[in-house]
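Asks: Return atomic coordinates for the entry below.
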Amino acid sequence: MSKTANEIQFTLNGIPQRVSVAPGESLLTCLRERCSLLSLKDGCAPQGQCGCCLALIDGRAKVTCALPAEKIAGKSLLTLEGLAPKERAELADHFAAAGALQCGFCTPAIVLRTKFLLDKNDAPSRNEIARALDAHLCRCTGYTKIIDAVERAAYARRGEPLPERLAAPKAPRAVPAGRSHGPLTPGGVGTRLARYEGRELALGERPFVADMQREGLLGGALRLADHPRAKVLSIDTSRALAHPGVVAVATAHDVPGTRWYGLIEKDWPGFVALGEEVRCVGDFIAAVAAVDNASARAAAELIEVRYEVLTPVCDPRAALEPGAHQVNPTRPNALSRTRIRRGDVQTAFEKSAHVVSGEWHTQRIEHLFLEPECALAEPGEQPGSFRLYTQGQGIFDDRRQVAAFLGIEEDDLFVELVPNGGAFGGKEDMSIQPHAALLAQMTGRPVKVLLSREESIRVHPKRHPISMRYKVGCDAEGHLTAVEAELLGDSGAYASVGAKVLERAAGHAAGPYRVMNVSIDAVAATTNNPPSGAMRGFGANQSSFAMEGCMDLLAEKVGLDGWEMRMRNAVEVGDTFTSGQVFEKSVGLKETLLSVREGYYAARAEGRAVGIACGIKNSGIGNGAEEWGKARLVVEDDLSVSIHNGYTEMGQGLLTVLVQFAVEVTGLDPEVFAPRVDSTFALGCGQTTGSRATLFAGNAVESAARKLRQALDRGQSLADLRGQVFAADVVINDTTAPGPLKPGVTKVKTHTAFGFATQVVILDEDGALQKVIAAHDVGRAVNPTLCEGQIEGAVHMGLGYALSEDLACEDGWPVTYKLRELGVLRARDMPEMEVLLIEDHEPEGPFGAKGVGEVGLVPTAGAVAGALAAFDGKRRMSLPMRDSPAARAISVGHKPKSSR
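Replies: Here you go, the predicted model:
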C-alpha cells in the first residue's frame with residue numbers, strides 16, 4: 001500500500017469498516033482486494049458497462065469499477081455476501097433451477113439486481129425485468145432464462161404457485177413421432193437436473209482464476225506492442241526494474257525453452273525479440289512481476305521500446321497480390337487454400353432454369369466472454385515443477401505449450417482448469433499462461449496475470465471477416481442444381497486455427513441442402529490485423545449467411561415462399577453433403593422445418609415480415625483428425641466418485657451432462673459425482689471445440705460408468721471400491737481429410753455427426769424484432785433446460801452478429817474497446833424466443849446425443865436478412881445490417897468513433 005494511501009470509513013453488509021485505499025483506487029478493487037468480497041467481478045474495469053461489479057450503495061444499485069473508493073466514505077454498502085443466508089440460497093436456487101446461469105461470471109451481480117428489483121416491485125412484468133437488467137451483459141444465456149429465474153423468485157416471494165410455462169416446460173419432440181425413451185432415471189439422461197455447482201456459481205462462491213489467492217502472490221502485467229507492424233530496435237527495461245515493488249521483468253531473452261507456440265503452426269511468439277517484427281497490436285514485448293497488480297502495470301508502462309515503424313498489410317485481398325509484403329517470413333500470405341469439386345458445375349448452370357449470384361460480406365467480431373484472460377502459476381512441490389491454473393479450452397494443449405516455453409518436461413507441469421467465464425472459441429490459443437508460468441519460474445513465487453478488457457480485445461483471435469462470391473442455380477421447380485463459391489477470409493497475423501475455419505466454411509458452403517454439383521474455393525489470408533481464429537460456428541455462420549441469401553433470391557424467381565424452397569431441398573439420409581460425405585443417420589432437418597411450419601405461416605397470415613433459414617454444423621473436428629474421448633471415474637475416500645475428462649467446462653453445461661450420463665448408467669444419486677478437469681491423468685483430447693465435448697467425452701464417461709456399474713452389480717459397494725479407477729478411452733479415427741481418399745478408404749466421411757436447425761425470425765409492424773422460433777435437431781436432449789439455454793444463447797449471439805456487433809479495425813488497430821460500442825444485445829433488445837427440441841437419435845453419440853453449442857447461431861443472420869427483405873424489399877448482403885429498422889430499434893450497436 002502506498003504511503004499516500006487514504007483511510008476511509010463506511011458500512012459494509014452491516015459492519016463498520018476502516019480501510020486504507022490508494023489514491024484513485026476503484027471501489028471494485030477496494031472491495032475485492034481489501035475486503036475479500038468475490039461476488040463482484042471485473043469484466044470491463046473501468047468502463048462500468050458489463051454490470052458484473054454491482055453493489056447497493058445507500059440503497060441504490062451502482063457499478064463499482066468506475067467509482068473511486070474515496071466516494072463511498074460514510075456510506076452503507078450491501079453486496080451479495082450481505083444478504084441473509086436463506087434469501088441468498090433461495091435466489092441462487094431459482095437461478096439454477098431455471099437454467100439462468102451458464103459460465104456464471106455475470107450471475108452474482110444479476111442475483112443482487114434481482115433482490116434490488118423485487119424489493120421495489122414484487123410483481124414485475126417480463127418487460128420490466130428486461131429493462132431492470134439493462135446495466136448487465138450476459139454473453140451466454142440470451143437472457144430468457146434469467147428473466148424466468150427472476151419471475152420464479154417473484155412468485156416465490158408472493159407465495160404464489162408457478163405458472164405452467166415456468167413449472168412444466170415443453171418436452172422435446174422425438175423422431176420418429178411417438179418414439180419413447182421409456183421412464184426417465186432421476187437425475188439421468190433427459191431430466192432437467194440443475195447445473196452442477198449452480199448455487200455456488202450464482203453466489204460467486206466458486207472462484208474464477210482472478211479470485212484465487214496465494215501466500216506471497218505477485219501480480220503480473222504485460223507490455224504490448226505499440227504498432228501493428230514494426231521492427232523492434234531496442235527494449236529498455238531499466239526504469240521498470242527500478243520501480244518500487246518490482247521483482248522481475250521478462251523479455252524474449254529470458255525464455256529458457258521454445259519461445260514460439262501455436263495450436264497448428266508454431267508461429268506465435270511469446271515475446272517479440274530484438275530485431276524481429278511485431279505483427280499485430282496484440283504482440284507481447286515484456287512481462288513484469290511485482291508485489292501487486294497496480295505496481296506491475298505501472299512498471300510495464302515504463303518499459304521503453306524503440307521501433308522502425310513499417311507499413312502494415314491490412315487488406316486480405318492485397319495481401320495475396322504478387323509483391324505484397326510477406327507478413328510471416330517463413331511462408332506466403334495465403335495461409336491455406338481449400339478446394340472442393342463435385343459434379344459438373346458449368347453444365348449444371350447452363351441447364352438451370354434460374355441462376356442468382358452476388359457478393360456477401362461478414363464482419364470481424366469480438367467473443368466478449370465476460371471473464372478476461374487470467375492465469376495463476378506457482379512453484380510445485382518438487383524442485384523445478386510448477387502448477388498452472390487456467391481457463392483455457394484445452395488444458396493438455398496448455399500444458400504442452402507452456403512446458404515447452406519453460407523448457408521443462410510436461411510431467412513437471414500440473415495444469416488445472418478453473419471455472420471458465422465463457423470462451424466461445426476465444427480461449428483456445430495461448431494468451432498469458434506462458435507468461436504467468438515464466439514469471440513464477442523466475443521469481444520462485446506464485447504469480448497471477450490478468451488482462452484488462454482492452455488488452456483482452458487486442459490479444460485473442462476474433463471471428464473471421466469473410467468476403468464471399470456466390471453463384472447458385474435451380475430448376476423450374478426450385479430444386480438446386482449447382483453451387484459455386486469463392487471465399488476469402490482475413491486470418492490476421494498468426495495461423496491460430498484460421499486454415500481450419502476457412503476449410504469448415506468451404507465444407508458448409510452449400511448449407512444443409514441437396515445439390516450434386518459443387519465448386520468451392522476458400523483462402524485464408526495473413527495480414528497485420530488482429531488474428532482470427534475459432535469462434536462459435538467456426539466458419540459455418542459466414543457461408544450460411546450467403547447461401548441462405550441465395551435461397552431467398554431463388555425462391556423469389558421460382559415463385560415459392562422461403563419455407564417451401566427449403567423443404568424441397570432439405571437433406572435426408574442418403575443425400576450428399578458439400579464435402580462429398582453421404583448422410584447415413586440422424587438427419588433431422590426436415591423435422592425442424594415441419595416443427596416451425598405453423599408458426600411461419602401464422603405470422604405471414606397476420607401480415608408480419610418473416611424470414612426463415614436452415615443451418616448445419618458438424619459435431620467433431622473430423623477432416624481426418626484423430627479425436628479422443630477420455631474419462632476416469634475414481635471412487636474417493638469420502639465415497640464420492642470424481643469424473644475426470646479432458647474437455648473444458650466453459651458454461652455450456654458439460655460437467656452436468658457428464659454427471660447425467662454417469663447417473664443413467666450406474667443408478668447412483670447425482671450428488672455422488674464430482675467432475676474435475678486437471679492433469680492428474682493423461683487425458684489429453686485437444687481443444688473443447690467443434691461441438692464435440694458432449695459427443696466424445698460423453699461416450700467415454702458412459703463406457704467408464706458401465707465398468708463401475710458392473711462392479712456394483714457384482715455386489716460391491718462404493719466402500720469396497722474405494723480408490724479404484726474405472727477408465728475408458730474412446731478413439732475416433734474414421735473421418736477423411738479433404739482431397740483424394742487414402743488407399744483402402746472407400747467413402748468420404750468428413751465428420752462424425754451433424755446438428756441441424758431451422759429458425760424463423762418475425763418482425764413487428766415497425767420492422768423490429770418480435771419473435772424467433774428456433775427448432776434444433778439435438779440427437780437427444782440430455783438436459784433439456786441446458787440444451788434450450790445453449791440455443792437461446794446462440795440465437796442471442798446470432799442476432800447481434802446480424803444486426804449490431806462489429807469490431808472494425810483501422811490500420812491494424814481495433815476502432816473501439818468499449819463494450820457498449822461492440823454491439824452485444826442487452827436483455828431489452830431480445831425478442832420472444834421459442835425453442836423446439838427435435839430428437840433424431842445419433843447412433844455414434846452417448847444415448848443418441850450430439851453437439852448443439854454452435855449450430856444455434858448458424859442460420860440466424862440469414863433468417864434476419866430474409867425477414868428484413870420481406871419488410872422493406874431490400875436484400876442486405878453485408879453484416880452487420882445496421883441500416884435496418886431492426887437494428888435501429890435496439891439499444892446498442894451504433895457505429896463507434898475511433899478510439900485511436
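Asks: Confirm for me that Asp637 is in contact with Gln724.
Replies: No - Asp637 is beyond contact range of Gln724, at 11.8 Å (criterion: CB atoms under 8 Å). For the C-beta atoms, the positions are set from N, CA and C on the backbone; glycine is no exception.
Asks: which of these two has more neighbours?
Replies: Neighbour tally, Asp637 and Gln724, criterion other CB atoms under 10 Å: the higher count belongs to Gln724, 15 against 7.
Asks: I'd like to know how many residues surround the nearest residue to that one once chain neighbours are set aside.
Replies: If the residues on either side of it in the chain are set aside, Gln724 comes closest to Val635, at 5.3 Å by CB to CB, 6 or more residues apart in numbering. By the criterion of other CB under 10 Å, Val635 has 23 neighbours.
Asks: cool, the one 5 residues further on as well?
Replies: Residues contacting Ser640 under the criterion other CB under 10 Å number 14.
Asks: Tell me, what's the model's pLDDT at the residue nearest to Gln724?
Replies: In this model, Val635 is scored at 98, pLDDT.
Asks: ditto for Pro814
Replies: On pLDDT, Pro814 comes in at 97.
Asks: got the contact list for it?
Replies: Shown in contact with Pro814 (CB atoms under 8 Å, 6 or more residues apart in numbering): Val281, Ile457, Arg458, Pro530, Leu807, Ala808, Ser899.
Asks: I'd like the distance between it and Ser467.
Replies: Using CB to CB, to the nearest Å, one gets 20 Å for the distance from Pro814 to Ser467.
Asks: got it, and Pro172?
Replies: Distance, Pro172 to Ser467, using CB to CB: 39 Å.
Asks: Also Asp806?
Replies: As for Asp806, its distance to Ser467 is 15 Å (criterion: CB to CB).
Asks: If you count surrounding residues, which of those two has more?
Replies: Counted by other CB under 10 Å, Asp806 and Ser467 do not tie: Asp806 has more neighbours, with 23 against 18.
Asks: on that earlier part again, quick check: beta-bridge partners of the residue nearest to Gln724?
Replies: For Val635, the beta-bridge partners under DSSP bridges are Val641.
Asks: State the helix or strand in which Glu486 lies.
Replies: Using DSSP states H and E, Glu486 sits in strand 480-490.
Asks: Give me the sheet partners of that strand and which way each runs.
Replies: Strands that pair with strand 480-490, judged by DSSP bridges, come out as strand 466-474 (antiparallel), strand 518-525 (parallel).
Asks: Specify the angle between the helix or strand just after it and strand 466-474 in degrees.
Replies: Going down the chain from strand 480-490, the next helix or strand is helix 498-507, by DSSP H and E. Counting by axes from the mean of the first three to the mean of the last three CA atoms, to 10 degrees, helix 498-507 lies at 20 degrees to strand 466-474.
Asks: still on that earlier bit, quick check: which of the strands paired with strand 480-490 is buried the most?
Replies: strand 518-525 (a mean of 25; mean count of other CB atoms under 10 Å).
Asks: which other helices and strands contact the helix or strand that comes right after that one?
Replies: Note on strand 518-525: by DSSP H and E, the next helix or strand toward the C-terminus is helix 540-558. Applying 3 or more CB pairs under 8 Å, 6 or more residues apart in numbering; DSSP states H and E, one finds that helix 540-558 contacts strand 354-361, strand 466-474, strand 480-490, helix 498-507, helix 562-569, strand 610-619, helix 860-872.
Asks: most packed of these?
Replies: Among the helices and strands packed on helix 540-558, strand 610-619 has the highest mean neighbour count (mean count of other CB under 10 Å), at a mean of 30.
Asks: Which neighbours in the sheet does that strand have, and how are they oriented?
Replies: strand 753-763 (antiparallel).
Asks: Report the angle between the strand it pairs with and helix 540-558.
Replies: Per the same axes, to 10 degrees, the angle that strand 753-763 makes with helix 540-558 is 60 degrees.
Asks: got a markdown table for the helices and strands packed on helix 540-558, with distance to Glu200 and mean pLDDT too?
Replies: Shown next, in a markdown table, are the helices and strands packed on helix 540-558 (distance: least, CB to CB, whole Å; pLDDT from 0 to 100):
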| stretch | distance to Glu200 | mean pLDDT |
| --- | --- | --- |
| strand 354-361 | 44 | 99 |
| strand 466-474 | 40 | 99 |
| strand 480-490 | 40 | 99 |
| helix 498-507 | 35 | 97 |
| helix 562-569 | 44 | 99 |
| strand 610-619 | 30 | 97 |
| helix 860-872 | 32 | 99 |
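Asks: Looking at these, which is nearest to Asp552?
Replies: When these are compared by CB to CB, helix 860-872 sits nearest Asp552, at 5.1 Å.
Asks: Which strands or helices does the closest one pack on?
Replies: In terms of contacts (3+ CB pairs under 8 Å, 6+ apart), helix 860-872 is packed against helix 540-558, strand 610-619, strand 753-763, strand 769-777, helix 784-803, helix 885-888.
Asks: again, 6 Å this time
Replies: helix 540-558, strand 610-619, strand 753-763, helix 784-803 (3 or more CB pairs under 6 Å, 6 or more residues apart in numbering; DSSP states H and E).
Asks: Which phi and psi values does Leu376 adopt?
Replies: With angles defined as degrees, to the nearest 10, Leu376 sits at phi -130, psi 130.
Asks: same thing with the one 10 residues further on?
Replies: Main-chain dihedrals, Phe386, degrees, to the nearest 10: phi -140, psi 160.
Asks: With Phe349 instead?
Replies: When read as degrees, to the nearest 10, the backbone of Phe349 gives phi -60, psi -40.
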